[in-house]
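>>> Structure here, sequence nowhere to be found:
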């Protein structure tokens with residue numbers, strides 16, 4: 001290599017043609033190796049003599065790094081500064097710098113010397129460093145309403161180039177207006193590493209709407225995606241502007257309920273003491289926002305208020321309406337009445353509003369209140385009246401028993417469907433249920449009793465005509481009714497006799513028709529015989545009947561016609 005130096009001097013003295021290519025740029029990462037290509041990695045000219053790397057110093061002068069005669073020879077490092085232990089050359093003539101620092105941000109030039117040319121390929125190196133995640137410092141404990149207050153400080157370190165810090169509220173950028181929003185940013189460099197640290201202070205004028213606002217600090221850098229801090233929220237202090245009074249639980253209030261009056265103010269922090277006005281009387285409550293009312297009555301209906309302890313004009317009102325319902329029915333219990341008597345029923349009510357009324361009898365709904373002017377057995381039963389207003393139901397009941405001596409309403413007889421028996425039905429009214437006695441024995445005796453009406457049935461087979469009596473009895477009296485029941489045999493004989501005259505009538509009718517036809521035929525025969533007899537007598541005597549010649553001719557023609 002030493003023998004080659006004089007040749008180089010002679011070569012440069014010959015003032016050969018020199019070509020400088022355009023500037024290329026390489027971006028590297030802080031702390032990692034830098035690869036600076038020579039002619040984009042294409043360094044294989046014909047008759048290559050050597051390749052040399054140099055760099056531009058901070059003062060603008062040029063400094064040598066290394067020289068490599070050919071691909072087989074080892075590179076000769078000529079650097080005497082910090083690069084001496086950090087540089088090398090690759091197979092494609094690229095310069096390799098270990099552990100990049102910001103001091104490596106400069107221009108490196110690859111010089112390629114051949115017998116025909118001397119080419120220079122300058123390369124600019126930029127070293128980038130991704131910043132640390134944003135760190136929030138000096139966060140405010142609370143914000144005052146409509147007051148410019150330091151909110152927080154956002155810090156990020158060790159970046160190159162410097163970062164951009166953006167403050168956001170609810171994911172939207174905040175813009176510095178130097179009035180309600182003031183953002184102050186500073187950038188400092190580490191004297192040793194040269195890396196930048198950035199800091200941004202935010203002063204913000206909060207309002208009540210910011211109670212739910214989320215603030216974040218966003219760091220933007222050329223090395224990659226944005227980095228965002230954890231969202232921050234703040235307690236906003238503002239005075240009370242409105243007071244409200246709530247009655248709990250909500251909905252209809254009825255007598256006996258427990259109520260809570262809750263006073264609320266929209267200030268922050270909220271007041272912890274209030275004045276309550278209970279039926280016009282001021283009741284201070286300290287350390288709480290509620291006042292309890294237990295077992296309210298209709299007397300609790302009215303207007304209630306609450307206010308701030310230090311400002312009675314800052315108040316709220318609520319109206320409480322307690323619903324109530326009183327119901328009484330007279331008489332009650334079990335009522336014993338005689339049929340035909342009257343029952344005076346008194347229903348009294350007292351309610352906060354007109355109630356809904358429902359009457360039932362033996363669990364069946366009635367259209368209206370029953371009328372007991374003249375009691376009947378069917379009106380006996382269990383009566384219930386139910387009244388209701390919003391949230392309240394009241395009911396009263398009584399049992400009506402209608403009693404009286406039995407009365408038979410009808411006694412009927414009929415044949416069984418097969419015609420072999422007679423069915424007797426005795427219907428009666430009375431209460432208690434009457435007992436029945438028949439004057440004859442029978443079978444299949446049955447009875448039903450509903451609403452004071454009794455029905456008794458008996459099956460009999462009478463062989464002779466009978467007089468049957470139905471007798472009904474209860475503790476109030478007795479009633480009876482009699483019916484005549486004919487024998488089944490007699491009824492059958494009567495039926496047969498009724499059928500015989502009818503057959504005789506039919507026979508007589510037929511005979512009459514036949515005799516009439518015969519008589520008619522005989523009359524016609526006699527008339528014809530007399531007619532012929534007359535004609536024969538006329539011709540024999542030679543007498544001629546008076547008349548015209550034309551009539552005689554017609555007579556002769558008729559006489560020669562055959563008989564029908």
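Great, that's in hand. This structure is a prediction, so every number in the text was calculated from the model and none was measured. Residues are numbered from 1 along each chain as shown.

>>> Residue 303 and residue 321 touch, don't they?
No. Judged on C-beta atoms under 8 Å, residue 303 makes no contact with residue 321 at a distance of 10.4 Å. For every residue, glycine as well, the C-beta is placed using N, CA and C.

>>> Next one: residue 80 relative to residue 244, how far apart?
Plainly put, residue 80 is 83 Å away from residue 244 if you go by C-beta to C-beta, to the nearest Å.

>>> With neighbour numbers in mind, choose between the two.
residue 244 (13 against 9; other C-beta atoms under 10 Å).

>>> If residue 326 is in a bridge, with which residues?
residue 350 (DSSP bridges).

>>> my bad, residue 485
residue 466.

>>> Could you list the low-confidence segments of the stretch 451-564 of the chain?
489-564 (pLDDT under 70).

>>> let's go with 80 and repeat that
488-564 (pLDDT under 80).

>>> next helix or strand past whatever helix or strand residue 219 lives in?
If you go by DSSP states H and E, residue 219 is part of strand 215-221. Next along the chain after strand 215-221, taking DSSP H and E as the criterion, comes strand 224-228.

>>> Residues contacting that next one, please?
130, 131, 133, 134, 156, 168, 216, 217, 218, 219, 220, 221 (C-beta atoms under 8 Å, 6 or more residues apart in numbering).

>>> Any buried residues in the next helix or strand after it, and which?
Where DSSP H and E defines the elements, the next helix or strand beyond strand 224-228 is strand 235-237. Across strand 235-237, burial judged by 16 or more other C-beta atoms under 10 Å covers 236, 237.

>>> Strand 235-237 pairs with which strands, and in what direction?
strand 142-144 (parallel).

>>> Could you list every helix and strand in contact with the helix or strand following the partner strand?
Heading C-terminal from strand 142-144, the first helix or strand you meet, by DSSP H and E, is strand 148-159. Contact partners of strand 148-159 among helices and strands, from 3 or more C-beta pairs under 8 Å, 6 or more residues apart in numbering; DSSP states H and E: strand 135-137, strand 164-169, strand 196-205, strand 215-221.

>>> To residue 275, which of these lies closest?
Residue 275 lies closest, by C-beta to C-beta, to one member of those: strand 196-205, at 33.5 Å.

>>> Give me the sheet partners of that closest one and which way each runs.
strand 148-159 (antiparallel), strand 181-189 (antiparallel).

>>> Same list, those, but as a markdown table with distance to residue 351 please.
A markdown table is the format used below for the strands paired with strand 196-205 (distance: least, C-beta to C-beta, whole Å):
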| stretch | distance to residue 351 |
| --- | --- |
| strand 148-159 | 59 |
| strand 181-189 | 63 |
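
>>> Of the ones you listed, which stretch is the most buried?
Of all those, strand 148-159 has the most neighbours on average by mean count of other C-beta atoms under 10 Å, namely a mean of 19.

>>> tilt between that strand and strand 164-169?
Relative orientation of strand 148-159 and strand 164-169, computed by axes from the mean of the first three to the mean of the last three C-alpha atoms, to 10 degrees: 140 degrees.

>>> where exactly do the strands run in the stretch 401-550 of the chain?
422-431, 435-438, 443-450, 453-460, 466-474, 477-485 (DSSP state E, counting those that start in this stretch).

>>> List the residues that contact residue 412.
424, 425, 483.

>>> For residue 320, grab the count of nearby residues.
Neighbours around residue 320, by other C-beta under 10 Å: 15.

>>> Surely it and residue 300 touch.
Yes. Using C-beta under 8 Å, residue 320 is in contact with residue 300, at 6.1 Å.

>>> between these two, what contacts are shared?
residue 259.

>>> Between the contacts of residue 412, identify the one with the most neighbours.
Neighbour-wise, the contacts of residue 412 (other C-beta under 10 Å) top out at residue 424, 22 neighbours.

>>> Show me where this protein has its helices.
Using DSSP state H, the helices of the chain run over 4-13, 488-541, 549-560.

>>> Go through stretch 473-492 and flag the buried ones.
For stretch 473-492, using 16+ other C-beta under 10 Å, the buried residues are 473, 474, 479, 480, 481, 483, 485, 488.

>>> to the chain's geometric centre, what's the distance from that stretch?
70 Å (C-alpha atoms, centre = their mean, to the nearest Å).

>>> Just the residues contacting that stretch, thanks.
Taking C-beta under 8 Å, 6+ apart as the rule, stretch 473-492 contacts 403-408, 410-413, 420, 422, 424, 426, 428, 430-435, 437, 460-472.

>>> Check the residues you listed for burial and list the buried ones.
For the contacts of stretch 473-492, buried by 16+ other C-beta under 10 Å: 403-408, 411, 422, 424, 426, 428, 430-431, 433-434, 460, 462, 468, 470-472.

>>> Tell me the one among the contacts of residue 412 nearest to residue 114.
Using C-beta to C-beta, those come closest to residue 114 at residue 425, 143.6 Å.
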